[in-house]
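**Student:** sequence first, then the predicted structure, then my questions.
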Amino acid sequence: MTEFSLKLNEDQIQLKKWINGFALEKMRPIAEEWDDKEEFPWPFLQEAADIGLYGWEFMAEMMMNDPTGISMMVSLEELFWGDAGLGMCVMGSGLAAAGIAASGTSEQVMEWVPQCYGSPEKLALGAFVASEPDAGSDVAAYRTRAVYDEANDEWVLNGTKAWITNGGIADIHVVVAVVDPELKSKGHASFIVPPNNPGLSMGQKYKKHGIKASHTAEVVLDDCRIPGSCLLGGKEKLDERLARVREGKKGNSQAAMQTFEATRPAVGAQAIGVARAAYEYALEYAKEREAFGRPIIMNQSISFMLADMATEIDAARLMVWRAAWLGKQKGFKYAEGSMAKLKAGRVAVHSTERAIQILGGYGYTREYPVERWHRDAKIFDIFEGTEQIQQLVIARAISGLRIE
Ligand SMILES: Cc1cc2nc3c(=O)[nH]c(=O)nc-3n(C[C@H](O)[C@H](O)[C@H](O)COP(=O)(O)OP(=O)(O)OC[C@H]3O[C@@H](n4cnc5c(N)ncnc54)[C@H](O)[C@@H]3O)c2cc1C
């Protein structure tokens, strides 16, 4: 087991510097423009790919060659400190890659994960397609069906998916669908929809409150036929799992729980990046802005707000790093990943709101970035499990009871 340490190693220090430099030079100057345009920033993604920040090799390096689990957290904090909307464009394909890694065989991982990123010469995107218009938190309510056509060894997918990052513009869509409705959430399976499938199309593109550079849209599956080999994990394993569930055996819910807990700290690290951006900006502003003949930071009410922001951000980071490390060691005792995400999301919303307060009227205008950061921050309370769903997971973990 790797020891937990708060001291970044030399690789992590260099990584942090590298991404911070990219964020400062390439993200901050264009963030407002892409937020206004609300379009996918292809030229920006190209720059990220050219330096090796967007690509499956970078992800593999982070996931496989870091026994601490903390390098990814450091990377995400710096990227989202640069800008959350642009940051999501770099990270969105990672959701698809994580979906493939969670359910696929090693051959499927090798085949499909690189295709979620493409190459600097030909960029590609991945999308993780789970949520539906009537089923976000309540995954047992998914209606998208996957039916096996044995004669052709094909799966046929039908349904509508909602709020999908990179939905409809991705090359690889990783779709979660119902194979046995009677088994509710235990009757799901994940499928790859390869590029240019005529049965998959984009529905409405959402106009959002924040992270507007990131593309979010509906995905419509209309008799979408895919080869049998696109079932992640394979048919034999699926049949075995479904048989176990039908017999009333518990299956590997503990393993699934560990997987979710292990991915949640990453969202927490993104939230901390946004919180820190707002905190640093407000601190500098408070030192310069004068009212009643002195810098506003000389008022306790302002400096105490900043003291609280600094403390909360540090607390959230410690929780995120602990959870990332525990995830890597497969050492969760209760729901430390959910706790970290819950805390960091709230800290991002609170810190960005306080930053607006410290900037006063200017903070409320689009002339200053803090209002954008506040809009961006709210997403961390919503996606990859809302605030209340994290509380539910934590409540069940600490009590051992099936709290509803
Ligand atoms: C910008 C953006 C990007 C996204 N990207 C993706 C993506 O790439 N792939 C994907 O599959 N999904 C994605 N999502 C969907 C996201 O995961 C869902 O929106 C989220 O899980 C919440 O589901 P919902 O919107 O249906 O809300 P609901 O589940 O309807 O929840 C509404 C409210 O009720 C509360 N609530 C629900 N159930 C309970 C309960 N049991 N106890 C207490 N409170 C409860 C919730 O916390 C929330 O406050 C994205 C969403 C957004 C906004």
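**Tutor:** Here it is on my side, so go on. Numbering: from 1, shown residues only.
**Student:** in contact with the residue most central in space within the chain, which residues?
**Tutor:** For the chain, the residue sitting closest to the mean C-alpha position, by Cα atoms, centre = their mean, is Val267 at 5.1 Å. In this structure, Val267 makes contact with 341, 344-345, 380, 383-384, judged by Cβ atoms under 8 Å, 6 or more residues apart in numbering. The way it works is simple: take the backbone N, C-alpha and C, and place the C-beta from them, glycine included.
**Student:** in JSON lines: the residues you listed, plus secondary structure, pLDDT and distance to Lys330.
**Tutor:** Formatted as JSON lines, those follow (DSSP: H, G, I helix; E, B strand; the rest coil; pLDDT from 0 to 100; distance: Cβ to Cβ, whole Å):
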{"residue": "Lys341", "secondary structure": "helix", "pLDDT": "98", "distance to Lys330": "18"}
{"residue": "Ala344", "secondary structure": "helix", "pLDDT": "98", "distance to Lys330": "22"}
{"residue": "Gly345", "secondary structure": "helix", "pLDDT": "98", "distance to Lys330": "24"}
{"residue": "Phe380", "secondary structure": "helix", "pLDDT": "98", "distance to Lys330": "25"}
{"residue": "Phe383", "secondary structure": "coil", "pLDDT": "95", "distance to Lys330": "25"}
{"residue": "Glu384", "secondary structure": "coil", "pLDDT": "92", "distance to Lys330": "20"}
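**Student:** out of those, who's nearest Leu125?
**Tutor:** The nearest member of the contacts of Val267 to Leu125, counting by Cβ to Cβ, is Phe383 at 17.2 Å.
**Student:** buried set for stretch 351-358?
**Tutor:** Residues of stretch 351-358 classed as buried: 351-356, 358 (neighbour count, 16 or more other Cβ atoms under 10 Å).
**Student:** just the CA coordinates for it, please, in CSV.
**Tutor:** The C-alpha trace of stretch 351-358 is given here as CSV (Å, rounded to 0.1, in the frame of the first residue of the first chain):
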residue,chain,number,x,y,z
SER,A,351,-16.9,30.6,-2.4
THR,A,352,-18.0,31.9,-5.8
GLU,A,353,-21.1,33.5,-4.3
ARG,A,354,-18.9,35.2,-1.6
ALA,A,355,-16.5,36.4,-4.3
ILE,A,356,-19.4,38.2,-6.0
GLN,A,357,-20.2,39.7,-2.6
ILE,A,358,-16.7,40.9,-2.2
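**Student:** returning to that earlier point: what would the contacts of Val267 look like in JSON lines with distance to the ligand and neighbour count?
**Tutor:** Listed next are those as JSON lines, based on distance: Cβ to the nearest ligand atom, whole Å; neighbours: other Cβ atoms under 10 Å:
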{"residue": "Lys341", "distance to the ligand": "12", "neighbour count": "33"}
{"residue": "Ala344", "distance to the ligand": "16", "neighbour count": "32"}
{"residue": "Gly345", "distance to the ligand": "12", "neighbour count": "30"}
{"residue": "Phe380", "distance to the ligand": "10", "neighbour count": "28"}
{"residue": "Phe383", "distance to the ligand": "4", "neighbour count": "17"}
{"residue": "Glu384", "distance to the ligand": "6", "neighbour count": "19"}
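**Student:** widest-spaced pair of the residues you listed?
**Tutor:** Distance extremes for the contacts of Val267: the farthest pair is Ala344 and Phe383 at 13.0 Å, using Cβ to Cβ.
**Student:** confidence score at the residue nearest to the centre of the chain?
**Tutor:** With respect to pLDDT, Val267 scores 97.
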